[in-house]
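*Asks:* Sequence first, predicted coordinates after that:
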Amino acid sequence: MAAKKTKEKKRDRSERRFLPQSATPPLVVKVTGALGAAGIGGGVTGQYLRPEAVPYSIWVLAGGALLLGAAIWIGTSGDPALRVGDAGVGVEKGGLRRLPWWGIDAVMWRASDGILTVSGKDEAGASLSLEIAQKNQAQAVAWIVKEARARIPKTCEVSDDGLAEIGKASRDAGLVMKLDPLQIVGHRCAASDKAIAWEPDGRVCPRCERVYHKDHVPQACACGGSLAVFHKKADEAAASESV
Ligand SMILES: [Zn+2]
């Protein structure tokens, strides 16, 4: 018999990182910035580069500095960067916190102000609710909804009208980043609550990343996804052992 595959290939995990977009049209930012720069230039010339200071040039300088400051301020949004991928929905706010797909209780779209709410529990079991504005994070919103509909369809409450407003998730959006393999040891089996002490004992739902102990894998995951593949593998292993 051919040599058995020594180790099953680890599933590649990845996620996309989305930077917030400024809600101010880029032209406004550019014009404000240009005026600011011109004011600083004129002010410096008037104040310091003439034999006698031109009256008011110090005010032109100060105004220019203010405008340039404003351009920098409105050009960058204070909203955090977001991550969307196999590990769930992550938010970069004083470190990285993630809502794994299995921890998400609700994904809701509010059309009135263009806000997507994602709420549930983070990896440590603490409640976390994210309100993501489409005007700042249009593609993150589209990707969260696309992934949530595929991974946790029962929890994703977005109507057809909502989907039309949210629009399509673009393959080119965000920066694709590789994720480390999921740490299984330390998790508790989602079906039996048994602690997973040894990695080969764990089975991971490919949709929501819920972890199960190999002896307690249900036919279907709580997310609705089929886990039949693990039962098939177990049967094959049993069959090959009995030969
Ligand atoms: Zn699942």
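*Replies:* Noted; the coordinates are in hand.
*Asks:* Please, which helix or strand holds the residue nearest the centre of the chain?
*Replies:* Central residue of the chain (Cα atoms, centre = their mean): residue 83, 2.1 Å from the mean position. Element membership for residue 83 (DSSP states H and E) is strand 81-85.
*Asks:* What is the burial count for the residue lying closest to the residue nearest to the centre of the chain once chain neighbours are set aside?
*Replies:* Spatial nearest neighbour of residue 83, chain neighbours left out: residue 90 (3.4 Å); criterion: Cβ to Cβ, 6 or more residues apart in numbering. (Each C-beta comes from the backbone N, C-alpha and C, glycine too.) Residues within reach of residue 90, counting by other Cβ atoms under 10 Å, total 23.
*Asks:* and residue 90, which of the three is it?
*Replies:* strand (DSSP: H, G, I helix; E, B strand; the rest coil).
*Asks:* give the contact list for it.
*Replies:* By Cβ atoms under 8 Å, 6 or more residues apart in numbering, the contact list for residue 90 reads 15, 82-84, 96-99.
*Asks:* same thing with residue 178?
*Replies:* Contacts of residue 178 (Cβ under 8 Å, 6+ apart): 12-14.
*Asks:* List only buried entries from these.
*Replies:* Buried members of the contacts of residue 178, scored by 16 or more other Cβ atoms under 10 Å: none.
*Asks:* Go through those and flag which are in strands.
*Replies:* Residues of these located in strands (DSSP state E): 13-14.
*Asks:* Tell me the one of the contacts of residue 178 nearest residue 154?
*Replies:* Using Cβ to Cβ, residue 13 is the member of the contacts of residue 178 that lies nearest residue 154, at 22.7 Å.
*Asks:* Would you check that residue 195 makes contact with residue 202?
*Replies:* No - taking Cβ atoms under 8 Å as the definition, residue 195 is not a contact partner of residue 202, at 10.3 Å.
*Asks:* Next, show the common contact partners of the two.
*Replies:* Common neighbours of residue 195 and residue 202 (Cβ under 8 Å, 6+ apart) are residue 187.
*Asks:* between those two, which one's more packed in?
*Replies:* residue 202 (20 against 12).
*Asks:* contacting residues around the more buried one?
*Replies:* Residue 202 sits in contact with 184-185, 187, 196, 211-214, where contact means Cβ under 8 Å, 6+ apart.
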